[in-house]
Structures are given as structure tokens and as C-alpha cells.
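# Quick one: sequence plus predicted model below, questions after.
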2 protein chains.
Amino acid sequence: MDGSDSERTSVTRRAVERIKEMISSGEVGPGQRLPTERDLSARLGVSRSSMREAIRSLTTLGVLEARHGAGVYVTALRPADLLETFSVLAEVSGGETLLEVLQVRRIIEPAATALAAARATDADLERIGALLDRIDGDPATAADTVTADLGFHQAIVAGTGNATLAAVNDGLSSRTFNARVWAGHREAGFTDALREDHRRIHEALLARDPEAARAAATVHVMRVERWLTAELATRETRDR
Amino acid sequence: MDGSDSERTSVTRRAVERIKEMISSGEVGPGQRLPTERDLSARLGVSRSSMREAIRSLTTLGVLEARHGAGVYVTALRPADLLETFSVLAEVSGGETLLEVLQVRRIIEPAATALAAARATDADLERIGALLDRIDGDPATAADTVTADLGFHQAIVAGTGNATLAAVNDGLSSRTFNARVWAGHREAGFTDALREDHRRIHEALLARDPEAARAAATVHVMRVERWLTAELATRETRDR
DNA sequence: AGCCTCTCAGTGGTCTGACCACTTTTGCAC
DNA sequence: GTGCAAAAGTGGTCAGACCACTGAGAGGCT
């Protein structure tokens, strides 16, 4: 049994740990259903309230999924399930943190794009090309462009075949930020530069040229980075 | 934007949104204290149980912090506060995902180490050196070595001055996984290789040589990666 | 007065039991 | 067999009570 020293750990935290153990030990696998809340609470000797808070915690983390009337299930545990956190980060953080986020993307995206140039399947490349057309085309709304842009980068990172890498990068990409980038460039008439970046990346991928892909991706992220720096500077000046 | 139709949204989810609004609108700022649970539940017209689940959710995400007997506080909202998620990923996921995580670290750590070689302050380097001594020294317990090892890499990434980068990388580093690595290498008598990797990284940092630092970090991560691959293979063979 | 201890009100943590909303299964009528 | 309605099961919510802990003020000691 567990240690007789119950220490200072809260009941709920212990319940969380026990459920995590059940998962990591393989007692319940991805997609499988957990015992009922009432059952679990009785088995672990805690009240249903505490058990529910434990489940809520794991649900928030994307480990569990509760279906009203049907039961609590373990998610597929794919890294993509755990992206909520960083989206919250993007929601609350200001300009300073956004710059840091871009610097992280300047590390990840070039490497990912280079990997994709080597690993992506032909189907991946086709999908990426289609998204590029949606960016370059004559979209009805600006929202379309943003969606296609996000999908473009997402598809590239997914083309590495590494779902964890894709999840991390997705978490660092905020839709609202992306929209700001496009709006800012449109205002200044610089959208062609963004489109050229994308075309350059796409060509490198088609050519299966990792180094060219890396360079193209780096140029692209740095352009956005420089834009944000200028944006923050003018905002600073205006607000003071 | 998101539907304001409150139709089928759960009570708890609405409570979460309301609290997030309170934060993003500046009604309560980082470090400040929220109204009491009883107060909040009355104000939003939900039961205290549901309010507690909402708070639990935001606590899990690292947005709120509950202090027993003292109140619920908004965290500093630093990126580091929101690292729990990925550590859970590393805890719960199987071998396949662990490999993916290591591939991500092989992208991030070399770049971060190179950056640290250029940017880290002398105080940073001193701290890193001290941690290296704790790894190389004659530690009382294996846990000490693991702690020092984690701290070593953590300090390096922190030396880039990018807190977001540090938070991401920390989230990809699991203590339990690190312990497995050391245990595995100790069993095979390969701990010297790990120690040499660390020394090589440290020397590159002291020499302010980004490229050497990048190479040293790459070698290190790849060593762990190769070990894990072998480990998974033998495990596979044994279990079948 | 100044300092220390100790009580106590306030707050988060846990428990219980009830009822509601939804899903899935059961079983009856056709 | 088919279709549908009832019922059983499950997560979601609510209410009220008590426990564990914190912080501050009351009271006593030096």
C-alpha cells in the first residue's frame, strides 16, 4: 500500500497522482474508460467532490475527457491534446513575452522546416501547396488569410512527422497575434513580402532542400520579429 | 468571435471564463487576491462546488494559486508558471512520444546553449559551474545527481535570458525520465560519458563559443536519444 | 511600553447526500 | 426484426456542514 506517512499532500492531489499512475502503469490506456466517479472515490477513499476536482484537473490538462452521461475517458494522449496551456499564455501575456515567443519560434520553425523538407510526404506537400494558394489567392476575408497562414505553418511542422513538435509550435502560434501581423503588414503595404516568404519556403520544400528551407523559414520569422519590435516601439512612444 | 450564447455551456466553464475576464480586463492583476470562493460563487450565481472546480481548473493551468486559509491569488503569469502541462506530457506518455520529445529537445537545446554561450552573464556561468560540480562530485544520493543535472540544463537555457524558452524546455524535461536515464547509464557503467558531455558544454560556454556549445549540446541530446531507442527496443523484445 | 503567546474569525479543503441532465441500454409493443 | 419509450447508469450541479490552516488582534508577561 501507499506510505503510511500521509505527509502534507492534499487529498485531491493524491487522487490526481493515483489516476496518473493508473494511466502510466497501463491499467487504463488511451481511449479507454475510467471507473465511474462514485466508484473511483470509493476505491481511493475520498469524497466524490475531491475526486471530481482531481478529474477536473486532469481534464484541464487534456489527459482526461468527461462525457456527460457516458463516463470519463482517457484521451488519446497525443501531444496536441495538451496545447491549451500555451494558448492561455498567449491570451494573458503582453509584448515582452510575445517577443520571447517569437525567438522560440525562430529556433523551432527553421529546424522544423528543414526536417519537413527531408521527411514530408508528397501528400503533405500537396496540402501545403493548397494552403499557400489560399493565402496567395483572392480571399473573401482577412480572416481567411490568417486561417490559411496558420494552417500553412502548421502543416509544415506536421510534415516532420513529429506530433509533439507540432503541438509545441502550435501552442506558440496565436491566432490573434497572427491577425495583428497581417493587419500591420497590410496597412504598410508589405503583404507581398510575407507572400514571397511563403513561396520561398514552399519552393525549398518541393526541392527537398533542407538548408534552403531552414534559411527561408528563418528569414520569415525574423521579418515578423522585426515587425513586432518596431510595433512595440511605436506603441511605447505613442503611449508615453 | 466565440459564441456568447450561453445555451449549452456548462456552469463551471462559464465560471472559468468569467474569472479569465476578470484577469484580462485588469479587474484583478498578477499577485492580487481574488474574492473568496463563497463570495465568487454567490456573485456569479453558481454553487461553491462548481466555483471550486473552476478555480481548480485555472490553478492547474498555473493562472491562479490557492493558499489554504489565506485566499486565492493570481500568479505572476510568467511563462514559467504554465509549464506543468508539458511535464505531465512527459510523465504520462509512452516511449513513442518520449522519442518525439527528445527530438524537440535536440532542436531547442543546441540553439539555446549556443545562445547562452553568447548571452549568459558571468553570474550565470558561475551558477552553471557549481551545478556541474554537484553532478561530478560524490553525491550522497542518485536523486542529487538527477536534481543537479536538471538544474544544469535549466540554468543554461535560463542563461539565454528568454524566460519563455526556458519554460518550454523545462516542460519537456521530466524528472522521472531523467532518473531513468541516469539509472540506465549507471547500470551500464556509462555515466562518465554523460559527465564528459556536461564538461564539454561547460567549457564551450566559458569559452563563449556558440558553435562549440551547439555541437556539444547536440551530442549530449543525441546520446540520450540513442540510449532511449535502445532501451525501447530491449523493452519491446522482453515484453513480447 | 514592548514583546510574546494565544485565541478567534475568516478562508480554502473535504465530506455527505440529494437532485438534475444526459447517454446508453433494456424491454415492450408492433 | 424494428421502433420507440421507459429505466438504469453516469457526469453535472447544488446545498450545507465540518475540518485544517492562516493571519491578525486581544490579552498577558517582562
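Great, that's in hand. Since the model is a prediction, treat every value here as computed from it, not as a measurement.
# Just the C-alpha atoms of stretch A:170-185, please, in PDB.
Provided in PDB are the C-alpha atoms of stretch A:170-185 (Å, rounded to 0.1, in the frame of the first residue of the first chain):
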ATOM      1  CA  ASP A 170       1.000  25.300 -32.500                       C
ATOM      2  CA  GLY A 171       0.900  26.300 -28.800                       C
ATOM      3  CA  LEU A 172       3.300  29.200 -29.600                       C
ATOM      4  CA  SER A 173       1.200  30.400 -32.500                       C
ATOM      5  CA  SER A 174      -1.600  32.600 -31.500                       C
ATOM      6  CA  ARG A 175      -4.400  33.400 -33.900                       C
ATOM      7  CA  THR A 176      -4.900  36.900 -32.600                       C
ATOM      8  CA  PHE A 177      -1.200  37.700 -32.900                       C
ATOM      9  CA  ASN A 178      -1.200  36.300 -36.500                       C
ATOM     10  CA  ALA A 179      -4.100  38.600 -37.300                       C
ATOM     11  CA  ARG A 180      -2.200  41.600 -35.900                       C
ATOM     12  CA  VAL A 181       0.800  40.700 -38.100                       C
ATOM     13  CA  TRP A 182      -1.300  40.600 -41.300                       C
ATOM     14  CA  ALA A 183      -3.200  43.700 -40.400                       C
ATOM     15  CA  GLY A 184       0.000  45.600 -39.700                       C
ATOM     16  CA  HIS A 185       1.600  44.500 -43.000                       C
END
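# Now do it, average pLDDT.
Across stretch A:170-185, the average pLDDT comes to 84.
# One more: stretch A:69-80?
Mean per-residue pLDDT for stretch A:69-80: 89.
# hmm, that stretch touching DNA strand C?
Yes - judged by C-beta under 7 Å from any atom of the strand, stretch A:69-80 comes into contact with DNA strand C through A:69-70. (Each C-beta comes from the backbone N, C-alpha and C, glycine too.)
# Is that stretch positioned near DNA strand D?
Yes - against DNA strand D, stretch A:69-80 shows contacts by C-beta under 7 Å from any atom of the strand at A:69-72.
# what about stretch A:37-48, near chain B?
No - against chain B, stretch A:37-48 shows no contacts by C-beta under 8 Å from any C-beta of the partner chain, the least distance being 10.0 Å.
# picking up where we left off before, export the residues of stretch A:69-80 next to DNA strand D to TSV and append columns for neighbour count and secondary structure.
Below are those laid out as TSV (neighbours: other C-beta atoms under 10 Å in any protein chain shown; DSSP: H, G, I helix; E, B strand; the rest coil):
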residue	neighbour count	secondary structure
A:69	5	coil
A:70	8	coil
A:71	14	strand
A:72	21	strand
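# and which of these is nearest to residue B:16?
residue A:72 (18.6 Å; C-beta to C-beta).
# thought the closest one was touching residue A:64?
Yes - using C-beta atoms under 8 Å, residue A:72 is in contact with residue A:64, at 5.7 Å.
# re earlier: which one among the residues of stretch A:69-80 next to DNA strand D gets closest to DNA strand C?
residue A:69 (2.5 Å; C-beta to the nearest atom of the strand).
# what residues are up against that closest one?
With contacts defined as C-beta atoms under 8 Å, 6 or more residues apart in numbering or on different chains, residue A:69 has no neighbours.
# Cheers, nothing more for now.
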